[in-house]
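sequence and predicted structure, then a few things I'm wondering about:
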Amino acid sequence: MTTTETESPAVDGPADPATLRRSVAAGAVGVFVHWFDWAAYAYLADTVATVFFPAEDRTTGLLAVFGVFAVSFGIRPVGALVLGPLGDRIGRKRTLSLVIFLMSGATLTIGLLPGYDSIGIAAPVLLVLLRLVQGFAAGGEFGSAASFLAESAPRRRRGFGVSWLEVGSLLGFLAGSFVFLLLSTCLDDAQLTAWGWRIPFLVAAPLGVIGVVIRNRIEDTPEYRALESNDTVPRSPVRELLRSHRRQLLQAAGLMTAMHVPFYAVLTYLVTYETDHLGQSADSAALLSTGISLLGLVLVPQFGALSDRVGRKPVFIGATAALFLLSTPAFWLMRTGLTGTWIAGLTLGAILAAILGTYAVWSAETFPTRTRQSGLSIAYNVTAALFAGTVPYLLTLLISATGSTLVPGPYLMIFAAGGLIAALSLKETVGSSLLHAEDVADDVAEDVSEPGERPA
């Protein structure tokens, strides 16, 4: 046996289906709530501006709403630095419960807030504070959930199990979009402004209760319990991460950046691109966005399962290579008409699904259990703050500066190349143990080679 791996207590054979379903539900429910809230806030931005900001200047109010949206992204790395290490010190289960409690509680409170007409400047101030709480909690969600799912899934189906994290994201996004569509269809503008906008935020209450109940009923993961039994729970996981696993942190950041940029380009910015630069209707753009999301729901777990059979490396490299080669032709094809837009959009959606199905499990397998949640949380949220939220703004700016509607293609190529470089630098980890040498005994922590090596 190498100094890198030791036997994992996780189940290697077929998992009990009920146990696997509970683990998937516990891991995915938080990202569902997060993306449901994200979609609801984004789609209701105009109404939220009317409710929480002075009516004299609509443009300023709308900009303020999007500014509050951006602030919640900016606080995520802080949440990652607090909640990621906390999960490595006290366990995945406790941080999963804490994160969803904070997230759903803040979302519910937003739904109960009085507007500007009732309490004046206190309304936008409270909105900002609650969005900060949401962003802080979101900073701990991915690392907690990805660590939990990776450590709970049977070794031979780990890619499939972790891929459901992104299924939860897509479902939350679709649910938020559907609720907005329902509200805008059934209510007039006055009703939506008076009380209808509160409904999606109030729905967070039962979702949060369900999530807390599910997460409180699960056991912590076999790997984390192994740390406790071996008395190797880390005292300073971030310090250990930066001292001994800087390379893995950068590699995971490369994988995650190659996910963040196409995710926001394809699932959020593309709607604006179709209406503003291709002259297509908002209904058509929204329908394509829904189609891409539905395609992702089908393909993401399939690509996760494929990575269990053939490896993380070939699936991820194939996806990022396809993104590099096809991004610019896809945006050229969109300019040929509605049919070309659908073909190109679904093609990019399929490529994105392959990335979503593999990046999280590969990143999780790269880190030792002692620093896994810290590494995943920091890499995910720092790259999200730097590259995810800026996608619509930068693409709009670059198209305006160059006059070319093909700009999104080369932009995606840059980050696809970054993902390829990260993937080529990583070793294959499929089937590897999640317990590394330092997870078993502190005195061997300095004698650690690259992850992914097999026992002799």
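Cool, the structure landed. Numbers count the residues shown, from 1 in each chain.

list the buried residues of the strand or helix carrying Leu170.
Here Leu170, judged by DSSP states H and E, is contained in helix 158-186. By neighbour count with 16 or more other CB atoms under 10 Å, helix 158-186 contains the buried residues 158-177, 179-180, 183. In short, each C-beta sits where N, CA and C put it, glycine included.

packing partners of it?
helix 17-43, helix 122-152, helix 198-202, helix 282-310, helix 359-366 (3 or more CB pairs under 8 Å, 6 or more residues apart in numbering; DSSP states H and E).

for those helices, which one ends up most surrounded?
Across these, averaging neighbours per residue (mean count of other CB atoms under 10 Å) puts helix 359-366 on top, at a mean of 28.

re the thing from before, looking at the helices and strands packed on helix 158-186, which is closest to Phe52?
Minimum separation from Phe52 across the helices and strands packed on helix 158-186 (CB to CB) falls at helix 122-152, 5.0 Å.

grab the nearest non-local neighbour of the one residue sitting closest to the centre of the chain.
The residue lying closest to the centre of the chain (CA atoms, centre = their mean) is Phe142, at 6.1 Å. Using CB to CB, 6 or more residues apart in numbering and skipping residues adjacent in sequence, the residue nearest Phe142 is Tyr380, 4.6 Å away.

and whatever helix or strand the one you found lives in, how far out from the chain middle?
In this assignment (DSSP H and E), Tyr380 forms part of helix 372-383. On the basis of CA atoms, centre = their mean, to the nearest Å, the separation between the geometric centre of helix 372-383 and that of its chain is 11 Å.

how about the following helix or strand past that helix: buried residues?
Sequence-wise, the next helix or strand beyond helix 372-383 is helix 391-402, with elements assigned using DSSP H and E. For helix 391-402, a neighbour-count test (16+ other CB under 10 Å) marks Val391, Pro392, Leu394, Leu395, Thr396, Ile399 as buried.

identify the residues contacting the residue nearest to Tyr116 when sequence neighbours are not counted.
Nearest residue to Tyr116, sequence neighbours excluded (CB to CB, 6+ apart): Ala123, at 4.6 Å. Going by CB atoms under 8 Å, 6 or more residues apart in numbering, Ala123 touches Val51, Phe52, Leu113, Pro114, Gly115, Tyr116.

what does Leu20 give?
Residues counted as contacts of Leu20 (CB under 8 Å, 6+ apart) are Ser152, Ala153, Pro154, Arg157, Gly161.

and the second one, its phi and psi?
Reported as degrees, to the nearest 10, the phi and psi values for Ala153 are phi -70, psi 150.

hmm, back to that, what's the local residue count around the residue nearest to Phe142?
Tyr380 has 30 neighbours, counted by other CB atoms under 10 Å.

wait, it touches Gly143, no?
Yes - here Tyr380 reaches Gly143: they are 6.4 Å apart, a contact under CB atoms under 8 Å.

and for the two, which residues touch both?
Ala80.

quick one: the spatially closest residue to Gly91 that is not a sequence neighbour from Thr366, how far?
Nearest residue to Gly91 in three dimensions, chain neighbours excluded: Asp220, at 4.6 Å (CB to CB, 6+ apart). Here the distance between Asp220 and Thr366 works out to 21 Å (CB to CB, to the nearest Å).

now the helices and strands packed on helix 158-186 as a markdown table including mean pLDDT and distance to Leu241?
Conversion of these to a markdown table gives the following (pLDDT from 0 to 100; distance: least, CB to CB, whole Å):
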| stretch | mean pLDDT | distance to Leu241 |
| --- | --- | --- |
| helix 17-43 | 82 | 22 |
| helix 122-152 | 92 | 11 |
| helix 198-202 | 92 | 35 |
| helix 282-310 | 94 | 25 |
| helix 359-366 | 97 | 12 |
